[in-house]
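**Q** Here is a sequence with its predicted model. Questions after.
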Amino acid sequence: MAEGEGAGQPDAVLLAPLSEDTFLHNLHVRYKRDIIYTYVGNALVSVNPCRPLPLYSAELVRAYLARPPYQLPPHLYAITATAYQWVRDRNESQCIVITGESGAGKTEAARVCLQCAVVAGARDAGAADAAAAGALTAAGTLLEAFGNAATARNHNASRFGKLLEIEFDFKGEPVGGHITHLCGSRHRRFAARAPCGRGGLVSELYLHGGRCPFVRRSPYILTGCFSKLFILTVQIGIPKLVERDDERVCGVLAGERNFHVLYQLLAGADVPLLKRLRLQRGWEQYRVLRGEGEAGGERAGASPRRAAPAPRAAQQDQDHFAFTTAAMRALGFGPALCDAVLRLLAFLLKLGNVEFEPQHNIDGTIGTRLQQRYELVEACALVGVDADALGAALGAADDDAPRDADSSSGEECASPGGAAWAAARRDQLLCVLYSRLFTWLINAVNDYIKPGEAGKRCSLGILDVYGFESLARNGLERLLINYAAERVQAAVTGATLRREQEEYAREGLAWRALPYTDHELLAELLDAGPDSVLGALRDCSLRGAADAAFLARLQRRRHPRLLVLPPDHFQVVHFGGAVVYSARGIVHKNLDGVCRRCAGVLGAARSPLLAALFAGAGSPRRPAALACRQRALVGALVRRLPAAPRLVRCLRADDKLRPHRFDAALLRHQIREQGSVTRADDET
Ligand SMILES: Nc1ncnc2c1ncn2[C@@H]1O[C@H](COP(=O)(O)OP(=O)(O)OP(=O)(O)O)[C@@H](O)[C@H]1O
């Protein structure tokens, strides 16, 4: 188990001299030998190998549980085993915080931590505890299907952040858990799609010794799901909405996919189920999956294959559909509830295909009508919704429909009543529906995995915050994601370093002041006070101001890390780098309202699930703006972090996630931003 000669230093604090270069060189030496873990004092750095490595097994977990952590090579098991032992022996709740940019391996790291915790807790566990562990596994499978998607940066990117807390009884056996999700509006991806298969770790799943069927049958599923289970707490809710800041409203970036579950349903449903749901097998038939320019000919010259999923994806999707439905059953979803969820997905896919076109009214005005009414009728029949009422609520063929008066939050309507306006309203409805379905799923999962008996217990939390992102187009969604990443980074990095140095000063120790990026200050630019970015956005949304007014507020701030780029963009320099955001439609999007009239129609659906998602649709209360919700969620999360969380820093070694690549510049940038070397220096 020893690392052997020439493997570099297992702990960066032992490097002499310690500098960015020696730190990087040490990581490289180890990486070449497939040693991906290195300590930096108490923290662990993990470099994504981008390929399965034989680093994980139940035996190894037991070895780490049996010996003090520093007697064995650095490993996630060491961090988790120590945290578990503190929970069991000292009765102290623990939290492992996993950070890193998108594709750095946070999900996989969280999965490994979860495995370790479950193996540790289940060593002498009885059947009840095995059931709790199995439920956690199933929950991970389900949430990965509904919450993950392929992006340009990662073929299995979580579109939500989460905190998974595993609760242990006084004997140290797992009795249940809780998942908290963060960002409330990511389900906007609903209008997006993308290709690429997802892969995932093909590491064996040793977790429950085969007791859980998912484990044996789907190593991949466990990979992603499992991990995100535990700490998933952070943010779920918003499917990644294709930015509505461009003319296509629901376009999707090349190289991306919509949420996995949609492809799984089409690939994995048998013919009778497809017929019942009135779906066709090919994902290309659905606008929200294929995106613009594909198979529909919307964009001349665009290659239909440009965003096609990788060839093996269909088979994977088919397999994973079986795991997803099995996970639903394992989490107590009866046949009727499973059917209701699948019907909702089919409704979403079909509603996404509903198109509008202008029509000349008798009075000479231009109205809007449905291009093909049968699409809407078929979609509505699936969930018992009045198709005419929904069509009218969306603005089709209803000259008398109130244009904007029924909007709960000031619908975006540059030309109220037009076909584009109706399409935007349809997309908004899709986003809200998916978001609510996802939140409902989380609540259902939490109900199932909560400990049977009430009482105070200690928990082991695994926080997997979504990674900092900068894509070709960045809008409100990305801003909220990066804000969450910034806040958590501020909480765990700046606070740790500052606290330690303040302590040295208090105790009168001889020490050298260390320069470090104060992430707290960076985060404050985003959320502190009415002049912060989110504060200004909130004000503008409440006042119904224009996007230009929002940009003018940012301009007045005159902050070195904030730049307004006319006519409608702004740039924020985050801890992970500068990101240019589009401000087109941002004020309206922040309200995230759903047309009250549409919500009323869906609330009257015969499908109890759909009706429940839109219950209370008539309420005049305006929903909280997205930025406010995100700020509250992130704030609550950060406050729950213990003063000394156990840190795991994940690093991405290659931009394209290719194995055997070690991009020194990319790594240098990440370690600089994470403050890893500063931290190592501090520990020496
Ligand atoms: N320890 C590991 N061993 C093998 N492969 C890994 C490991 N960690 C990550 N990978 C590979 O890298 C890919 C990206 O990792 P992962 O999804 O965990 O990143 P992430 O940081 O969670 O990204 P996001 O924030 O976008 O969700 C995985 O699908 C997997 O293929």
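**A** Sure, I can see it. Numbering: from 1, shown residues only.
**Q** Now the longest helix along the chain: buried residues?
**A** Looking across the chain with DSSP state H, the single longest helix is helix 419-449. Neighbour counts using 16 or more other CB atoms under 10 Å place 419-439, 441-442, 444-446, 448-449 of helix 419-449 among the buried residues. Quick note: C-beta positions are derived from backbone N, CA and C, even for glycine.
**Q** Now narrow these to whatever sits close to the ligand.
**A** Counting by CB under 6 Å from any ligand atom, nothing from these sits close to the ligand.
**Q** re earlier: next one: the longest helix of the chain to chain centre, how far?
**A** 15 Å (CA atoms, centre = their mean, to the nearest Å).
**Q** pretty sure residue 616 belongs to a strand, no?
**A** No: assessed with DSSP: H, G, I helix; E, B strand; the rest coil, residue 616 is coil; it does not lie in a strand.
**Q** For the stretch 501-650 of the chain, what lies in contact range of the ligand?
**A** For the stretch 501-650 of the chain, the residues in contact with the ligand (CB under 6 Å from any ligand atom) are residue 650.
**Q** For the residue of the stretch 501-650 of the chain at minimum distance from the ligand, grab the count of nearby residues.
**A** Taking CB to the nearest ligand atom, the ligand has its nearest neighbour within the stretch 501-650 of the chain at residue 650, 5.7 Å off. The tally of other residues near residue 650 (other CB atoms under 10 Å) stands at 26.
**Q** bridging residues for it?
**A** Per DSSP bridges, the residues bridged to residue 650 are residue 46.
**Q** So it sits against residue 106, correct?
**A** Yes: counting by CB atoms under 8 Å, residue 650 touches residue 106, with 5.1 Å between them.
**Q** List the single closest residue to residue 553 in space, sequence neighbours excluded.
**A** Distance criterion CB to CB, 6 or more residues apart in numbering; nearest residue to residue 553, sequence neighbours excluded, is residue 536 at 3.9 Å.
**Q** Can you give me the pLDDT of the one you found?
**A** Note on residue 536: pLDDT of 93.
**Q** Equivalent analysis for the one 4 residues further on, please.
**A** pLDDT, residue 540: 91.
**Q** Now the helix or strand where it lies: buried residues?
**A** Per DSSP states H and E: residue 540 is located in helix 533-543. Using 16+ other CB under 10 Å as the test for burial, helix 533-543 gives 533-541.
**Q** which regions of the stretch 301-450 of the chain sit below the pLDDT cut-off?
**A** 301-312, 397-417 (pLDDT under 70).
**Q** What are the buried residues along stretch 274-283?
**A** 274, 277-279, 283.
**Q** wait, which of those residues is closest to residue 388?
**A** residue 278 (18.4 Å; CB to CB).
**Q** In three-state terms, label the residue nearest to the closest one when sequence neighbours are not counted for me.
**A** Leaving aside its chain neighbours, residue 278 sits nearest to residue 378 (5.1 Å; criterion: CB to CB, 6+ apart). Following three-state DSSP, we place residue 378 in the helix state.
**Q** Could you give the separation of the helix or strand just after the longest helix of the chain from the chain centroid?
**A** With elements assigned by DSSP H and E, the helix or strand that comes after helix 419-449 is strand 458-464. Put simply, strand 458-464 sits 17 Å off its chain's centre (CA atoms, centre = their mean).
**Q** Does anything pack onto strand 458-464? Which helices or strands?
**A** Helices and strands touching strand 458-464, by 3 or more CB pairs under 8 Å, 6 or more residues apart in numbering; DSSP states H and E, are helix 76-90, strand 94-99, helix 106-121, strand 162-168, helix 227-231.
**Q** now for the first one, which elements pack on it?
**A** What it means is helix 76-90. Checking 3+ CB pairs under 8 Å, 6+ apart, helix 76-90 ends up next to strand 43-47, helix 58-66, strand 94-99, helix 106-121, strand 162-168, strand 458-464, strand 646-651.
**Q** Would you format these as CSV with distance to residue 638 and mean pLDDT included?
**A** Listed next are those as CSV, based on distance: least, CB to CB, whole Å; pLDDT from 0 to 100:
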stretch, distance to residue 638, mean pLDDT
strand 43-47, 18, 94
helix 58-66, 29, 91
strand 94-99, 10, 90
helix 106-121, 17, 88
strand 162-168, 11, 84
strand 458-464, 10, 88
strand 646-651, 14, 92
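**Q** that older thread, residue contacts, the residue nearest to residue 553?
**A** 530, 550, 553-554, 557 (CB atoms under 8 Å, 6 or more residues apart in numbering).
**Q** Would you mind getting the angle between the longest helix of the chain and strand 162-168?
**A** 10 degrees (axes from the mean of the first three to the mean of the last three CA atoms, to 10 degrees).
**Q** Is residue 654 part of a helix or strand, or is it coil?
**A** Quick answer, by three-state DSSP: residue 654 is coil.
**Q** tell me, how many neighbours does it end up with?
**A** 18.
**Q** give me phi/psi at the nearest residue to it once chain neighbours are set aside?
**A** Spatial nearest neighbour of residue 654, chain neighbours left out: residue 661 (3.7 Å); criterion: CB to CB, 6+ apart. Main-chain dihedrals, residue 661, degrees, to the nearest 10: phi -110, psi 140.
**Q** I'd guessed residue 136 sits against residue 115; true?
**A** No: no contact is recorded between residue 136 and residue 115 when judged using CB under 8 Å, the distance being 10.6 Å.
**Q** Tell me the spacing between the residue most central in space within the chain and the ligand.
**A** Closest to where the C-alpha atoms of the chain average out (CA atoms, centre = their mean) is residue 160, at 2.0 Å. Remark: distance between residue 160 and the ligand (CB to the nearest ligand atom, to the nearest Å) = 9 Å.
**Q** And for residue 41?
**A** 21 Å.
**Q** related to what we said a few turns ago, can you add secondary structure, pLDDT and distance to the ligand and give the buried residues of stretch 274-283 back as TSV?
**A** TSV is the format used below for those (DSSP: H, G, I helix; E, B strand; the rest coil; pLDDT from 0 to 100; distance: CB to the nearest ligand atom, whole Å):
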residue	secondary structure	pLDDT	distance to the ligand
274	helix	97	29
277	coil	97	29
278	coil	96	33
279	coil	96	28
283	helix	88	21
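**Q** Out of those, give me the two with the largest separation.
**A** 278 and 283 (15.4 Å).
**Q** Residue numbers of this structure in contact with the ligand?
**A** Counting by CB under 6 Å from any ligand atom, the chain sits next to the ligand at 48-53, 100, 102-108, 154, 156-158, 199-201, 466-467, 650, 657.
**Q** quick one: which of those sit in helices?
**A** Those of the residues of the chain next to the ligand lying in helices (DSSP H): 106-108.
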